[in-house]
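K.L.:
structure for the following, please:
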Amino acid sequence: MRVISFFLSWILSQSEKIKHINAPSCKNCVYFRPSLIGLRDDSIYTFGKCHKFGEKDVVSDKIRYTFADMCRTDEFKCGFRGKYFVQEKYAPIRAVIYKMIILSYYVIAIVILGCYGYIITHK
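P.N.:
Down below sits the predicted model:
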């Protein structure tokens, strides 16, 4: 009975641990490029791409980079351990710059809409 109790407690304790807790984060890698889709941190990082892996179109020479989360789940690429991870020295600054770029798109759109509204109302 003690063996079963010990075994069950061991299984439950294993399920409560966070997987890959010591794995490096893509957002701190030199190859990671955050997404320019939204302002929230989760959308910036969820749709980010890895510039280490991609596919080149031989006709147009355009490279389509792979999403970072796909690279981390594929053991032939970076994998869960982050085989090709290289620490970015200025990762927090880069995240702020990407957020500023996204904000500038919104500011430009608001200015254009404001000018358009002004032109229409002051004819």
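K.L.:
tell me which other helices or strands the helix or strand containing I102 touches.
P.N.:
Assigned by DSSP states H and E, I102 falls within helix 91-121. Contacts defined by 3 or more CB pairs under 8 Å, 6 or more residues apart in numbering; DSSP states H and E place helix 91-121 against helix 41-46. Every C-beta, even on glycine, is put in place using the N, C-alpha and C of the backbone.
K.L.:
list the contacts of the most centrally placed residue in the chain.
P.N.:
Among the residues of the chain, the one closest to the centroid is Y45, at 2.4 Å (CA atoms, centre = their mean). Contacts of Y45 were listed using CB atoms under 8 Å, 6 or more residues apart in numbering, and they are 26-27, 34-35, 68.
K.L.:
using a markdown table, lay out those together with secondary structure.
P.N.:
Shown next, in a markdown table, are those (DSSP: H, G, I helix; E, B strand; the rest coil):
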| residue | secondary structure |
| --- | --- |
| C26 | helix |
| K27 | helix |
| P34 | coil |
| S35 | coil |
| A68 | helix |
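K.L.:
surely Y31 is in contact with C50?
P.N.:
Yes - between Y31 and C50 there is a contact under CB atoms under 8 Å: 5.2 Å.
K.L.:
ok, those two, which is more surrounded?
P.N.:
Under the criterion of other CB atoms under 10 Å, the comparison of Y31 against C50 puts C50 first, with 22 against 18.
K.L.:
so the more buried one: helix, strand or coil?
P.N.:
Classification of C50 using three-state DSSP returns strand.
K.L.:
report the contact partners of it.
P.N.:
Contacts of C50 by CB under 8 Å, 6+ apart are 26, 29, 31-33, 65-68, 71, 77-78.
K.L.:
nothing else from me, thank you.
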